[in-house]
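Student: A structural model of the following input is requested.
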Amino acid sequence: MSVPDSPASPCLGDKDGDTESGVSVCLSVCRPGLQTLGPYSPHPLSDPFGPYITPQIHSPFGSLQTPALLGPPGLKDSQSPSAALNPSRPPSCAPHRAPLGGAFSVVRRCVKLCTGHEYAAKIINTKKLSARDHQKLEREARICRLLKHSNIVRLHDSISEEGFHYLVFDLVTGGELFEDIVAREYYSEADASHCIQQILEAVLHCHQMGVVHRDLKPENLLLASKCKGAAVKLADFGLAIEVQGDQQAWFGFAGTPGYLSPEVLRKEAYGKPVDIWACGVILYILLVGYPPFWDEDQHKLYQQIKAGAYDFPSPEWDTVTPEAKNLINQMLTINPAKRITAHEALKHPWVCQRSTVASMMHRQETVECLKKFNAWKKLKCPSCRGALTLSPPAAAKSLLNKKADGVKPQTNSTKGSAGVTSPKGTLPPTALESSDSTNTTIEDEDTKARKQEIIKITEQLIEAVNNGDFEAYA
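Tutor: Predicted coordinates for the structure are as follows:
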């Protein structure tokens, strides 16, 4: 299930002109020989398709000891949800109500007895699903079966029975990629290059298999384990679609607002390039810790995206190599026909020659900004939606609106060798190489003041998260 990554909107589905209830498919190895290890793990599991779930007393599943709810004999449960809850230790996250018919889903750690291998099993209550929802569930399971790659969370089984659907995926225990980065003692541009390489490898495999993910974002980038150097895993194919070759068509308005491509926002035919655009947004965040497009007002956010209104402001971008900026510009090219492909991006010098091209300098400021970005995302978790309105705090409104105000589109009519002067400084010619369409730069009105305001507000956000004082920023 996709959690919104926009200040103003829930995750969007693929129904034209409306939101869609995205089905979150889960691995289900509910065969004889698979045993659950309890209603929830002592440590939060990285659910490949949504927030961590902890069964509660009021779960519609009732007692999970009931054989009918667990499928074939052999899938055993140690205790009921009510007995398993430890009052002294709060659950990692409140029960999440999926948009599909309002049913609850439960994610559980399982082990296959014949091998001893552990998996993450998700149980979906399908009693209230519409026929369309069932089709989407089947589509997601079908797509997940196609994908077998070391950088993709793999679906091992999918079983339906009356009232419930069971799915079993790889058990990924490393948490979100962005959370891991902020815990590192050292993080460089070269590390960002390695991260985006793994993401691009996953995207390339999807595209080779005729699959467009449509919801690439930080929440869907997980780590296989807590070990150093663990593989990045792409997850959540709830909005993924199947395409033929380089087919471009209108497949519906789907994705997460901050990562939507211009062609989707214009309701034009689209295809695989939408995933590359999202990769460009992710790479931008990996390098400086904040997104290229950001506004509390969703309309203004969409205006920024459609105009390609992003820049590389000083001083944080001054230490980023021109090659990294060049790759971002090729990914964030407005015209999808001219946008770089996953295969081409993997051959980009900044990716395939990182040891000699990418900077090895520790990016402490990026880590600090990323901590604040992660804290802001936590304020939008489903369990907090009653207190928050899926938007940054009211105090940040003036700050966020500044980025949309004063944007001036520039037509990049030349690809000559001369650098192009922008309000943020002189960009190298490679920074504008990727597009003949409209580029937009940002007016440099009060960069320092804006930066200080960002720091102040995000520190307040972190304090609110730590204190659980979500209402203070409603």
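Student: Tell me where the chain has strands.
Tutor: Taking DSSP state E as the criterion, the chain carries its strands at 34-36, 105-112, 118-125, 155-161, 164-170, 211-212, 221-223, 232-234, 241-242, 407-411, 420-422, 425-427, 438-442.
Student: how far off strand 155-161 does the third one point, in degrees?
Tutor: For strand 118-125 against strand 155-161, the angle between stretch directions is 30 degrees (axes from the mean of the first three to the mean of the last three C-alpha atoms, to 10 degrees).
Student: Strand 118-125 pairs with which strands?
Tutor: Within its sheet, strand 118-125 is paired with strand 105-112 (antiparallel), strand 164-170 (antiparallel), according to DSSP bridges.
Student: And for the fourth one?
Tutor: The sheet places strand 155-161 alongside strand 164-170 (antiparallel), with pairing taken from DSSP bridges.
Student: now the partner strand: mean pLDDT?
Tutor: Strand 164-170 carries an average pLDDT of 88.
Student: and if you look at stretch 250-269?
Tutor: 94.
Student: Straight-line length of that stretch, end to end?
Tutor: End-to-end distance of stretch 250-269 (C-alpha to C-alpha, to the nearest Å): 4 Å.
Student: buried set for that stretch?
Tutor: Using 16 or more other C-beta atoms under 10 Å as the test for burial, stretch 250-269 gives 251-265. From N, CA and C alone the C-beta is placed, and that goes for glycine too.
Student: do stretch 330-345 as well
Tutor: If you call a residue buried by 16+ other C-beta under 10 Å, then stretch 330-345 has these buried ones: 330-334, 336, 339-342, 345.
Student: what's the answer for stretch 221-229, then?
Tutor: Neighbour counts over stretch 221-229 (16+ other C-beta under 10 Å) mark 221-224 as buried.
Student: Contacts only, for the closest residue to residue 184 other than its chain neighbours.
Tutor: Sequence neighbours aside, residue 367 is the residue nearest to residue 184 in space, at 7.4 Å (criterion: C-beta to C-beta, 6 or more residues apart in numbering). Contact partners of residue 367, counting by C-beta atoms under 8 Å, 6 or more residues apart in numbering, are 181-182, 184, 187, 289.
Student: now, which of these sits nearest residue 235?
Tutor: Sorting the contacts of residue 367 by distance to residue 235 puts residue 181 at the head of the list, at 17.0 Å, by C-beta to C-beta.
Student: was I right about that closest one contacting residue 368?
Tutor: No. Taking contacts as C-beta atoms under 8 Å, residue 181 lies outside contact range of residue 368: 11.4 Å.
Student: Neighbour count for these two, which is higher?
Tutor: Shown here are residue 181 and residue 368; by other C-beta atoms under 10 Å, residue 181 has more neighbours (22 against 14).
Student: hey, where'd the helices end up in the stretch 251-400 of the chain?
Tutor: Remark: helices assigned in the stretch 251-400 of the chain by DSSP state H, counting those that start in this stretch are 262-265, 273-288, 298-307, 322-331, 342-346, 349-352, 354-357, 364-378, 397-404.
Student: Just list whatever residues bridge to residue 164.
Tutor: With DSSP bridges applied, residue 164 shows beta-bridge pairing to residue 161.
Student: Could you give the number of residues near it?
Tutor: 21.
Student: Residue 456: what's it in contact with?
Tutor: Contact partners of residue 456, counting by C-beta under 8 Å, 6+ apart, are absent.
Student: State the distance from it to residue 185.
Tutor: Separation of residue 456 from residue 185 (C-beta to C-beta, to the nearest Å) stands at 26 Å.
Student: mind showing which ranges of the chain have poor pLDDT?
Tutor: In the predicted model, the chain carries pLDDT under 70 at residues 1-105, 380-453, 464-474.
Student: switch the cut-off to 50
Tutor: Per-residue confidence for the chain (pLDDT under 50) gives these ranges: 1-12, 14-104, 382-445, 473-474.
Student: And for residue 245, the neighbour number?
Tutor: Number of residues near residue 245 (other C-beta under 10 Å) recorded here: 9.
Student: next one: residue 315
Tutor: Residue 315: 11 surrounding residues under other C-beta under 10 Å.
Student: Next, it: phi, psi?
Tutor: Per-residue torsions, residue 315: phi -90, psi -10 (degrees, to the nearest 10).
Student: returning to what we had before: among the buried residues of stretch 250-269, find me the one that's closest to residue 193.
Tutor: Using C-beta to C-beta, these come closest to residue 193 at residue 259, 20.0 Å.
Student: Tell me how far that closest one lies from residue 113.
Tutor: 40 Å.
Student: Over to residue 133?
Tutor: For residue 133, the distance to residue 113 - C-beta to C-beta - is 33 Å.
Student: between these two, who's got more neighbours?
Tutor: Regarding residue 133 and residue 113, a neighbour count based on other C-beta under 10 Å identifies residue 133 as having more, with 21 against 14.
Student: any idea how far the more buried one is from residue 141?
Tutor: For residue 133, the distance to residue 141 equals 13 Å [C-beta to C-beta].
Student: same thing with residue 230?
Tutor: Distance of residue 230 to residue 141, given as C-beta to C-beta: 26 Å.
Student: Then residue 200?
Tutor: In terms of C-beta to C-beta, residue 200 sits 25 Å off from residue 141.
Student: Neighbour count: these two, which is higher?
Tutor: For the pair residue 200 and residue 141, the greater number of neighbours falls to residue 200 (25 against 22), based on other C-beta under 10 Å.
Student: isn't the more buried one right up against residue 351?
Tutor: Yes. Between residue 200 and residue 351 there is a contact at 7.1 Å, judged by C-beta under 8 Å.
Student: Alright, that wraps it up for me.
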